[in-house]
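1. What follows is a predicted protein model with its sequence.
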Amino acid sequence: MQETRFLLNSLTTKEAVAAAHQIMGHTKNYSAALLCTVRFSPERIQERPDRALVFPWEAKRGSHNGIKSVHGGALSSLADTFTKIHVRAHRPQACVKSVSFEISFLCAVHEDRRCNCVTRLVHQEDKVVFTDFSFEDESSGEVYARGTHVLAASPRIGS
């Protein structure tokens, strides 16, 4: 099997912004609606020196459960979307699909918190991309949840 290290590849926020806009352009899509609900803006994506991408968002009404904290399903959906954006930024011509997803909830994300989802490309082997992610408080850095997402990145038919 061929192994590719991400250290050789340059990833910019410009590509991530384009991938996010592509998802948000499908206004009837659940992921696009959720990104709007949490006031996500593609232009706010940042790249850290360790090549992690930071996706700022806000815990707003519409993503909450009955006790005014972000619903676990909403967090899972955000992690799924943000890691897919990261992989699409790295492989823009690929069709990206989930293979495996795991999340651990560490503490509640309460209403009106400003948060970051930090995504990292950990490893790639052939078409399989391994990522990890964490949800962190924008100010304190407290970690609310973390997990891993394994994705398949295959060439698009007709590309």
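-> Now that the structure is in, tell me what you want to look at.

2. Do I have it right that residue 98 meets residue 79?
-> No: no contact is recorded between residue 98 and residue 79 when judged using CB atoms under 8 Å, the distance being 10.5 Å. From N, CA and C alone the C-beta is placed, and that goes for glycine too.

3. So for those two, which residue has more residues nearby?
-> Neighbour totals were compared for residue 98 and residue 79, and residue 79 leads with 26 against 12 (other CB atoms under 10 Å).

4. Would you map the helices across this structure?
-> In order along the chain, the chain carries the following helices (DSSP state H): 13-24, 30-37, 72-90.

5. Now render those as TSV, adding distance to residue 132 and mean pLDDT.
-> As requested, those are exported to TSV (distance: least, CB to CB, whole Å; pLDDT from 0 to 100):
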stretch	distance to residue 132	mean pLDDT
helix 13-24	16	92
helix 30-37	20	90
helix 72-90	8	94
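
6. any chance of these in a markdown table, plus distance to residue 155?
-> Below are the helices of the chain laid out as a markdown table (distance: least, CB to CB, whole Å):
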| stretch | distance to residue 155 |
| --- | --- |
| helix 13-24 | 16 |
| helix 30-37 | 22 |
| helix 72-90 | 13 |
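
7. Out of those, which gets nearest to residue 52?
-> Using CB to CB as the criterion, the shortest distance between residue 52 and those is 8.7 Å, found for helix 72-90.
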